[in-house]
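Novice: Need a 3D model of the sequence below.
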Amino acid sequence: MNRQRVHSDPKHYSQLTDQFSPPSKIGMGLFNAFWVGGLICVLGQALCDVGVQLMKMTARDASSFASIILVFLTALLTGLGVFDKIGKLAGAGSFVPITGFANAMVSPALEFRREGLVLGLGAKLFTIAGPVLVYGVSTSVIVGVIFALFIY
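Specialist: The predicted model follows:
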């Protein structure tokens with residue numbers, strides 16, 4: 001009977017939650033997310049500027065260049081185990097969309113690399129990215145059809 005009372009008593013549950021939950025350092029977490037995410041964005045902008053100024057690219061080509069470099073660096077750092085430490089420090093700040101996507105593709109592949117190149121690495125590489133690509137392509141087709149029907 002006592003056990004039943006413990007589970008249904010909201011005050012007791014709240015006391016247990018406070019007792020066993022570690023205190024959240026939300027201020028420091030927000031600060032780390034802000035400066036790491038900002039640093040990634042500054043790196044991306046610097047790569048764009050290098051592309052335009054030094055390599056004489058168009059703004060569009062420089063943007064693609066910066067995206068490719070950021071994906072490569074994220075995949076490399078994920079493979080070396082460094083990106084996980086950055087993610088632990090910065091939380092969501094380290095997952096600026098393009099770096100988060102690259103990390104999401106590489107991480108599952110690394111877990112299954114012992115199963116071989118095709119069944120391990122190749123199959124798991126698109127575990128996360130596959131649905132994103134499928135829905136992205138499907139949505140673009142639907143938007144294209146709507147655009148063709150109603151705009152032209």
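Novice: Next one: Ile68 relative to Leu110, how far apart?
Specialist: Going from Ile68 to Leu110 by CB to CB, to the nearest Å gives 20 Å. Where you see a C-beta, it was placed from the backbone N, CA and C, and this is true even at glycine.
Novice: Then Trp35?
Specialist: 27 Å.
Novice: repeat for Ile26
Specialist: When Ile26 is compared with Leu110 (using CB to CB), they lie 31 Å apart.
Novice: Can you pick out the residue with more neighbours from these two?
Specialist: Leu110 (16 against 8; other CB atoms under 10 Å).
Novice: how close does the more buried one sit to Ala75?
Specialist: Relative to Ala75, and taking CB to CB, Leu110 is found at 10 Å.
Novice: Over to Asn103?
Specialist: Distance, Asn103 to Ala75, by CB to CB: 8 Å.
Novice: same thing with Gly100?
Specialist: Gly100 is 12 Å from Ala75, by CB to CB.
Novice: Which other helices and strands does the helix or strand where Ala109 lies contact?
Specialist: Taking DSSP states H and E as the definition, one finds Ala109 inside helix 97-111. In this structure, helix 97-111 packs against helix 59-80, helix 82-90, helix 123-125, helix 129-150, with contacts taken as 3 or more CB pairs under 8 Å, 6 or more residues apart in numbering; DSSP states H and E.
Novice: Make a markdown table out of those and add mean pLDDT, mean neighbour count and distance to Val50.
Specialist: A markdown table is the format used below for the helices and strands packed on helix 97-111 (pLDDT from 0 to 100; neighbours: other CB atoms under 10 Å; distance: least, CB to CB, whole Å):
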| stretch | mean pLDDT | mean neighbour count | distance to Val50 |
| --- | --- | --- | --- |
| helix 59-80 | 94 | 16 | 8 |
| helix 82-90 | 92 | 17 | 22 |
| helix 123-125 | 69 | 17 | 29 |
| helix 129-150 | 85 | 10 | 28 |
